[in-house]
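K.L.:
I would like the atomic coordinates for the input below:
(one chain, ligands or ions: 3)
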Amino acid sequence: MPQLRLALAQVNPRLGDLDGNVELVVAAAHEAAQAGAHLLVLPEMVLNGYPVEDLAYRLSFIDGTRAHVPALATRLADEGLGDLVVVVGHLDTAKDHIDTERLGVPKNAPTNSASVITGGRVVTRYDKHHLPNYGVFDEFRHFVPGDETQVVQVHGVDVAIAICEDIWQDGPSAAADAAEAGLLVVLNGSPYEAAKDDTRLELCARRAREGSCALAYVNLVGGQDELVFDGDSLVVDAAGELVARAAQFEPELLVVDLDLPAATAPMPDPDARFAGLRVERTVVSSEPLEPYEPLEPRVAERWDDLGERYWAIVLGLRDYVHKNGGRSVLLGLSGGIDSTLVGAIAVDALGAENVFGVSNPSAWSTDHSRSDAAELARRTGLQLDTVPIAPIFEAYQDALHLDGIAEENLQARIRAVIWMGLSNQHGHLVLACGNKSELATGYSTIYGDAVGAYAPIKDLPKTLVWEVSRWRNRWAEEQGEQPPIPENAIDKEPSAELRPGQLDSDSLPSYDLLDAVLDAYVERDLGAAAVVAEGFDPALVERVVTLVDKAEYKRRQYPPGPKVSRRNFGRDRRVPMTNGWRESLD
Ligand SMILES: Nc1ncnc2c1ncn2[C@@H]1O[C@H](COP(=O)(O)OP(=O)(O)OC[C@H]2O[C@@H]([n+]3cccc(C(=O)O)c3)[C@H](O)[C@@H]2O)[C@@H](O)[C@H]1O
Ligand SMILES: Nc1ncnc2c1ncn2[C@@H]1O[C@H](COP(=O)(O)OP(=O)(O)OP(=O)(O)O)[C@@H](O)[C@H]1O
Ligand SMILES: NC(=O)CC[C@H](N)C(=O)O
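P.N.:
Ligands and ions are numbered 1, 2, ... in the order given. Model prediction:
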């Protein structure tokens, strides 16, 4: 059987930074060549970043990206990498044969493409066939689909190409099967969500078996606004057995040797279509390689479910700050578990020297709100300042005489003014510390604790905030390090401390119950009657559903934060703010 050494580069591009991303590709190509690879595959849209959203409509951006593809081919050859076959994802425009008029789109409508580069030339190009248009994806809005699959012969092995959603729907694996390809390479921009790694592995194994060929899956890594790409690139053999797997949440070049079937003669009927795709063939090299000693494949260890969420948030925060030219963050530290966990995450993401905590005690603040914030600072090394709000609050009240909720919220808003002032002065981005249960129910003060640039834990329900915090401490213990999160912050009763003796449980159901109802109503999108049918108390369901529906306006104005659940507030759940629909309980 012919051999092939394959390199999968899970790299972390910066969206729109074409020159920087070319450097990443060139560096990966050098590393792959040094490792003796014959074929290097990079992720979906790696040259321009993913998802480009409406930049896909910007002609200057499309043209800028397209120009970088042949330039990359020349550059690779100039740097002595012309023998390597490189498959690279990028934005492009519809091929000439696509009937754009019938599709009602301009002649140069954008495509989600992958070019095959070798010997200083682009030898062929594949355009994504299945465009995802659900959840966080809007690809029908942006791209026209391709209608051919590409099979490229490399050292006597037929290699077929697919892009991400292509394997989530039926199609290219059938085309690969029909073309008798030995390997299907899949370029991905597949964002993280809890347990998605298991889903992907099963999917890749199934498509490999259907296509009767090995399958190599390469994913992006890194944060992009509210998405986090987790890497997790992998290779399965034609029986669907895992051969190699890269790390989660880190860039890596995964190099693997495969024994693959020899290429067959071209299919007799060039017009035949398989699952809607015509198969195009390009021969790069038909000579199999001399037999060589294969490398031991690497299968990286996995994080457990809580660890995955933790590192996804860390990566999302780090990349949001760094890719937007920032270095440091500031957050209000109340000694409660939400801001404490965000503080620990920020230290892991950016280093303690770049994390600035502020304690803003009011007349109602407990002693432990200060001592627990100080303990977090001691354990992690983040910097902590104290700016009491009582005198400012009194000055406002002399002028305003607010009471009730208005008086409570004034304290949260005074804190926000302090954070934004310090942010402006010192250039730190402000972190909002709300969790998903609070976002769901509107339990935060708009323009108060809800201000900020980025909200790291906005997709973690409160019950998971506690679990993830315990996980972080356990992991520290396993490493022989001091747990960063003071135990008292985990164990105390949650309170907004906006009036004496206030507890979250005065305004909200217990978090166990609340999160269970939210899972049904928000993540699984059940109607209120269907939630009741799951056995929840109708009065509780009505209360929660009303809170959720009324808080849409607050969520729209909440800062962005990383998606880690199946359905986040933001791109995954788009409901109107002005909304007369009320759920019925029966
Ligand atoms: N549809 C709509 N579109 C745009 N704005 C809308 C609106 N409906 C009301 N509003 C405006 O929203 C404002 C009311 O919202 P807001 O000012 O937030 O106030 P509100 O939601 O009434 O109160 C905040 C709640 O969050 C709790 N809280 C505050 C701070 C921290 C925490 C915590 O533990 O984390 C909890 C606090 O105890 C209280 O129960 C009003 O100005 C109203 O005019
Ligand atoms: N005394 C304080 N000093 C500094 N920041 C505060 C203080 N109180 C509240 N905050 C900020 O406002 C956010 C909302 O906190 P609040 O205590 O009202 O509710 P919470 O949801 O229980 O949050 P936490 O668990 O962090 O206390 C906190 O996460 C924190 O960033
Ligand atoms: N970029 C894509 O096509 C991603 C879609 C795919 N279902 C995924 O989440 O992995």
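
K.L.:
Quick check, residue 190 in contact with residue 165.
P.N.:
No. Contact criterion C-beta atoms under 8 Å: residue 190 and residue 165 do not qualify, at 9.0 Å. (Each C-beta comes from the backbone N, C-alpha and C, glycine too.)

K.L.:
got the contact list for the residue in the stretch 251-400 of the chain that ligand 2 sits nearest to?
P.N.:
Across the stretch 251-400 of the chain, the shortest distance to ligand 2 (C-beta to the nearest ligand atom) belongs to residue 336, at 1.9 Å. Contacts for residue 336 (C-beta atoms under 8 Å, 6 or more residues apart in numbering) come out as 369, 372, 489, 492, 494-495.

K.L.:
what do you get for residue 243?
P.N.:
Residue 243 touches 214, 234-237, 256, 258, 297, counting by C-beta under 8 Å, 6+ apart.

K.L.:
and those residues, which are buried?
P.N.:
214, 234-237, 256, 258 (16 or more other C-beta atoms under 10 Å).

K.L.:
Return only those of the contacts of residue 336 found close to ligand 3.
P.N.:
Among these, no residue sits close to ligand 3 (C-beta under 6 Å from any ligand atom).

K.L.:
quick one: average pLDDT of the longest helix along the chain?
P.N.:
If you go by DSSP state H, the chain has its longest helix at helix 404-426. Regarding helix 404-426, the rounded mean pLDDT is 97.

K.L.:
Ok, stretch 566-577 next?
P.N.:
Computed over stretch 566-577, the average pLDDT equals 96.

K.L.:
What is the end-to-end distance of that stretch?
P.N.:
22 Å (C-alpha to C-alpha, to the nearest Å).

K.L.:
cool, stretch 573-585 as well?
P.N.:
End-to-end for stretch 573-585, by C-alpha to C-alpha: 22 Å.

K.L.:
Next, the buried residues of it.
P.N.:
Taking 16+ other C-beta under 10 Å as the criterion, stretch 573-585 shows residue 583 as buried.

K.L.:
which outside residues touch it?
P.N.:
Here stretch 573-585 has contacts from 522, 525, 527-529, 532, 538, 541-542, 545, 549, 552-553, 556, 567, using C-beta under 8 Å, 6+ apart.

K.L.:
Any of the residues you listed buried? List them.
P.N.:
By 16+ other C-beta under 10 Å, these give 522, 528, 532, 541-542, 545, 549, 552, 567 as buried.

K.L.:
for those, which one is nearest residue 442?
P.N.:
Ranked by distance to residue 442 (C-beta to C-beta), these are led by residue 552 at 8.7 Å.

K.L.:
Look up how far ligand 2 lies from that closest one.
P.N.:
Taking C-beta to the nearest ligand atom, to the nearest Å as the measure, residue 552 and ligand 2 are separated by 20 Å.

K.L.:
again with residue 408
P.N.:
9 Å.

K.L.:
Leaving out chain neighbours, which residue sits closest to that residue?
P.N.:
residue 498 (3.8 Å; C-beta to C-beta, 6 or more residues apart in numbering).

K.L.:
How about residues contacting stretch 516-524?
P.N.:
Here stretch 516-524 has contacts from 436-437, 440, 461, 509, 526, 528, 530-531, 534, 536, 540-541, 544-545, 548, 565-567, 569, 573, using C-beta under 8 Å, 6+ apart.

K.L.:
of all the buried ones among the contacts of stretch 573-585, which comes closest to ligand 3?
P.N.:
residue 567 (12.9 Å).

K.L.:
Which secondary structure state does the closest one sit in?
P.N.:
Of the three states, residue 567 takes coil under DSSP: H, G, I helix; E, B strand; the rest coil.

K.L.:
can I assume it is in contact with residue 525?
P.N.:
Yes. Using C-beta under 8 Å as the test, residue 567 is close enough to residue 525 to be in contact (7.3 Å).

K.L.:
Tell me the pLDDT of the residue of the stretch 251-400 of the chain closest to ligand 2.
P.N.:
96.

K.L.:
What of residue 268?
P.N.:
66.

K.L.:
my read is residue 229 is in a helix, agree?
P.N.:
No. Read with three-state DSSP, residue 229 is strand and lies in no helix.

K.L.:
Determine the number of other residues adjacent to it.
P.N.:
27 (other C-beta atoms under 10 Å).

K.L.:
For the residue nearest to residue 408, give me its contacts.
P.N.:
So residue 498 contacts 362, 364, 408-409, 411-412 (C-beta under 8 Å, 6+ apart).

K.L.:
Apply 7 Å and report the result again.
P.N.:
364, 408, 411-412 (C-beta atoms under 7 Å, 6 or more residues apart in numbering).

K.L.:
Enumerate the residues of the stretch 451-586 of the chain near ligand 2.
P.N.:
494, 496-497.

K.L.:
Repeat the analysis, applying 5 Å as the threshold.
P.N.:
Those residues of the stretch 451-586 of the chain that sit near ligand 2, judged by C-beta under 5 Å from any ligand atom, are 494, 496.

K.L.:
The chain now?
P.N.:
332, 334, 336-339, 359-360, 365, 369, 433, 449, 494, 496.

K.L.:
tell me the secondary structure for the residue of the chain most remote from its centre?
P.N.:
Here the chain reaches farthest from its C-alpha mean at residue 398, the gap being 47.2 Å by C-alpha atoms, centre = their mean. Using three-state DSSP, the structure places residue 398 in helix.

K.L.:
Over to residue 281?
P.N.:
Residue 281 - assigned by three-state DSSP - is strand.

K.L.:
how about the helices in the stretch 51-200 of the chain?
P.N.:
59-78, 100-103, 139-142, 165-168, 172-178, 196-211 (DSSP state H, counting those that start in this stretch).

K.L.:
Turn those helices into a markdown table, including mean pLDDT, mean neighbour count and distance to ligand 3.
P.N.:
Formatted as a markdown table, those follow (pLDDT from 0 to 100; neighbours: other C-beta atoms under 10 Å; distance: least, C-beta to the nearest ligand atom, whole Å):
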| stretch | mean pLDDT | mean neighbour count | distance to ligand 3 |
| --- | --- | --- | --- |
| helix 59-78 | 98 | 17 | 17 |
| helix 100-103 | 93 | 11 | 19 |
| helix 139-142 | 95 | 16 | 7 |
| helix 165-168 | 96 | 24 | 3 |
| helix 172-178 | 81 | 25 | 12 |
| helix 196-211 | 96 | 18 | 7 |
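
K.L.:
quick one: low-confidence parts of the chain?
P.N.:
Applying pLDDT under 70 to the chain picks out residues 268.

K.L.:
and it, which of its residues are near ligand 3?
P.N.:
Counting by C-beta under 5 Å from any ligand atom, the chain sits next to ligand 3 at 132, 164-165, 168, 189-190.

K.L.:
Tell me the spacing between residue 10 and residue 189.
P.N.:
11 Å (C-beta to C-beta, to the nearest Å).

K.L.:
which of the two has more neighbours?
P.N.:
More crowded of residue 10 and residue 189, by other C-beta under 10 Å: residue 10, with 29 against 25.
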